[in-house]
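**Q** take a look and give me a structure for this.
(chains A and B)
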Amino acid sequence: MAKVKYNYCKELTKGILKENPVLRLVLGTCPALATSTSVVNAIGMGIATTMVLICSNIVISALRKVIPSKARIPSYIVIIASFVTIVQMLIKAFVPALDESLGVFLPLIVVNCIILGRAEAFASKNPVLVSAVDGLGMGIGFTAALSCMGFVRELLGGGTLLSGTDTLLSAFVDLGSFRGLDFNTALESIGLSPMTIFILPAGGFFVFGILMAVVNKISEKKGLKRAVLSGCEGCPLASGCSKLKEDDAQ
Amino acid sequence: MKFFIALLVMGILTQNFTLSKFLGICPFLGVSKKLNTALGMSAAVIFVMLIATAVTYPVNMLLINYDLEFLQTIVFILVIAALVQTVEIVLKKYVKSLYNSLGIYLPLITTNCAVLGVVILNIDNISIYSAYNYGFLHSMINSFAAGVGFMLAMVLFAGVRSRLETADVPRFLQGLPITLIAASIVSVSFLGFAGLVEGMGLM
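**A** Numbers count the residues shown, from 1 in each chain, chains lettered A, B, ... in the order given. This next block holds a predicted model:
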């Protein structure tokens, strides 16, 4: 069998820009909207998802010749759920504040389309190392998109930046008295207050929409197709969607 | 009784599952183009939410009994997946008419975060519910309210989207961006219900 050479660098960067899971493939919209209320939440969610993504990609790719294709979706779900449980326990043990602020979205990483989608589209067809790199790239892309949204929403909606950094990192490094930046007093002195709507769900939709428009504009300039919600194309349950489309066509 | 109504009002209006908790955004954006599909999808979601809650409640008791709560996520997603498959097979064989209207949506619902979300939230809330002595009944009502809230959001949004189709939108906002911004405005309208539960003296 001819050995295929993989361009690891390309696999890593494609998840960040060209095939960014949130902004280009439109996967994982639920956690992207719900956990991007602050930069720290967004990064925490991003790291948790990246960890699950890398681990599940490695295991699924290592087992790709063992798992029968008919039973593959349940097997993937079990593998992903195991890693989600592990990550959940780690976060509960080391960063309990993050567990509290992510709430139900931590166990819901299981049903994040990105992970199942990458398992189906990439890890089940490629060797271990390149799958791990793909997982890392996609995870970084997810984290970056979430952080972008978190940055805008936290700054406009809460008047703070990186608040809660101490809760995320205190278990690992000593930050001294750094508690994130707070512009509220400065705003008050000129008679302004933050726009709370950006922290609220409505602001989440709005920021995501605008970010999507900006990314569409940029990718159009670069000659790429604009992102569309194509009825979950990257999602492994696309067969169900295609049935839906047929139904629509009738 | 008051608490039941409070649960219904919260699930449907003040803490709408889709528009304020961000659960089930995928179908909300993906399947809300036509009123018919939106209705079918949300009916299927209500149906699956109810049976998933009914099944996971005793399963959770079993887990607690054997000190295995850490397996919650794995067990619940497997139970839901198996359940949806079984329901699909049973409907296909015995209730053909229901299968034709709901069946095609069922495979989509397996990994829908709204279903797993409502189940996990119910389990998290059990300590609150048991203060009112009806763990199971409250869970079922909460799931029903969540499902109806999802349906309300889907139906409203299907209406908004049908108007968007003909609207003249700037080119770089066309498609998904304007849909998201429209969703944001629908979500703002639901903010108007804030404080309803407290105002009605239900809680």
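
**Q** so where's chain A uncertain?
**A** Judged against pLDDT under 70, the low-scoring parts of chain A cover residues A:1-4, A:170-171, A:173-177, A:227-250.

**Q** all helices of it, in order?
**A** Counting by DSSP state H, residue ranges of the helices within chain A are A:8-16, A:29-34, A:39-62, A:72-94, A:96-102, A:113-118, A:128-158, A:165-169, A:184-189, A:201-221, A:238-249.

**Q** contacting residues for residue B:191?
**A** Contacts for residue B:191 were tallied using Cβ atoms under 8 Å, 6 or more residues apart in numbering or on different chains; they are A:200, A:202. In short, each C-beta sits where N, CA and C put it, glycine included.

**Q** so what's it scoring on pLDDT?
**A** In this model, residue B:191 is scored at 86, pLDDT.

**Q** residue A:118 contacts residue A:53, correct?
**A** Yes. Residue A:118 is within contact range of residue A:53, at 6.4 Å (criterion: Cβ atoms under 8 Å).

**Q** what do those two both touch?
**A** Common neighbours of residue A:118 and residue A:53 (criterion: Cβ under 8 Å, 6+ apart): A:135, A:138.

**Q** how about the nearest residue to residue B:18, chain neighbours excluded?
**A** With Cβ to Cβ, 6 or more residues apart in numbering or on different chains as the measure, residue B:153 is the residue that lies nearest to residue B:18, at 4.2 Å, once sequence neighbours are left out.

**Q** again, but for residue B:71
**A** In space, residue B:71 comes closest to residue B:63 once its chain neighbours are excluded; the distance is 6.3 Å by Cβ to Cβ, 6+ apart.

**Q** returning to that earlier point: export the helices of chain A as JSON lines, with columns for mean neighbour count.
**A** Written out in JSON lines, the entries for the helices of chain A read as follows (neighbours: other Cβ atoms under 10 Å in any protein chain shown):
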{"stretch": "helix A:8-16", "mean neighbour count": "17"}
{"stretch": "helix A:29-34", "mean neighbour count": "26"}
{"stretch": "helix A:39-62", "mean neighbour count": "24"}
{"stretch": "helix A:72-94", "mean neighbour count": "19"}
{"stretch": "helix A:96-102", "mean neighbour count": "17"}
{"stretch": "helix A:113-118", "mean neighbour count": "26"}
{"stretch": "helix A:128-158", "mean neighbour count": "23"}
{"stretch": "helix A:165-169", "mean neighbour count": "18"}
{"stretch": "helix A:184-189", "mean neighbour count": "11"}
{"stretch": "helix A:201-221", "mean neighbour count": "21"}
{"stretch": "helix A:238-249", "mean neighbour count": "14"}
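
**Q** closest to the centroid, which residue in chain A?
**A** With distances taken as Cα atoms, centre = their mean, chain A has residue A:142 as the residue nearest its mean C-alpha position (3.4 Å).

**Q** residues contacting it?
**A** Going by Cβ under 8 Å, 6+ apart, residue A:142 touches A:20-22, A:28, A:32, A:46, A:49-50, A:53, A:114.

**Q** residues touching residue B:196, list them.
**A** With contact set as Cβ under 8 Å, 6+ apart, residue B:196 has these partners: B:9, B:13-14.

**Q** the same query, at a cut-off of 6 Å, please.
**A** The contact partners of residue B:196, by Cβ atoms under 6 Å, 6 or more residues apart in numbering or on different chains, come to B:9, B:14.

**Q** need the pLDDT of it.
**A** Residue B:196 carries a pLDDT value of 81.

**Q** looking at chain B, which helix or strand is least sure?
**A** The least trusted helix or strand in chain B, going by mean pLDDT, DSSP states H and E, turns out to be helix B:126-130, with a mean of 70.

**Q** tell me which helix or strand comes right after that one.
**A** The helix or strand immediately downstream of helix B:126-130 is helix B:135-166, counting by DSSP states H and E.

**Q** just how off-centre is that following helix within its chain?
**A** Mean-position distance between helix B:135-166 and its chain equals 7 Å (Cα atoms, centre = their mean, to the nearest Å).

**Q** neighbours around the nearest residue to residue A:45 once chain neighbours are set aside, how many?
**A** Here the nearest residue to residue A:45 in space, its sequence neighbours aside, is residue A:35; by Cβ to Cβ, 6+ apart that works out to 4.1 Å. Other residues near residue A:35 number 27, with proximity taken as other Cβ atoms under 10 Å in any protein chain shown.

**Q** swap in residue B:195?
**A** By other Cβ under 10 Å, 9 other residues sit near residue B:195.

**Q** how many neighbours does the residue lying closest to residue B:33 once chain neighbours are set aside have?
**A** Distances taken as Cβ to Cβ, 6+ apart put residue B:161 closest to residue B:33, at 5.9 Å, once the chain neighbours are dropped. Using other Cβ under 10 Å as the criterion, residue B:161 is surrounded by 19 other residues.

**Q** residues contacting residue A:123?
**A** Going by Cβ under 6 Å, 6+ apart, residue A:123 touches A:57, A:60-61, A:131.

**Q** any idea how far it is from chain B?
**A** Plainly put, residue A:123 is 17 Å away from chain B if you go by Cβ to the nearest Cβ, to the nearest Å.

**Q** for the residue nearest to the centre of chain A, give its distance to residue A:23.
**A** With distances defined as Cβ to Cβ, to the nearest Å, the gap from residue A:142 to residue A:23 amounts to 10 Å.

**Q** likewise for residue A:94?
**A** The gap separating residue A:94 from residue A:23 is 30 Å, by Cβ to Cβ.

**Q** repeat for residue B:32
**A** If you measure residue B:32 against residue A:23 using Cβ to Cβ, the figure is 21 Å.

**Q** equivalent analysis for residue B:105, please.
**A** When distance is defined by Cβ to Cβ, residue B:105 is 27 Å away from residue A:23.
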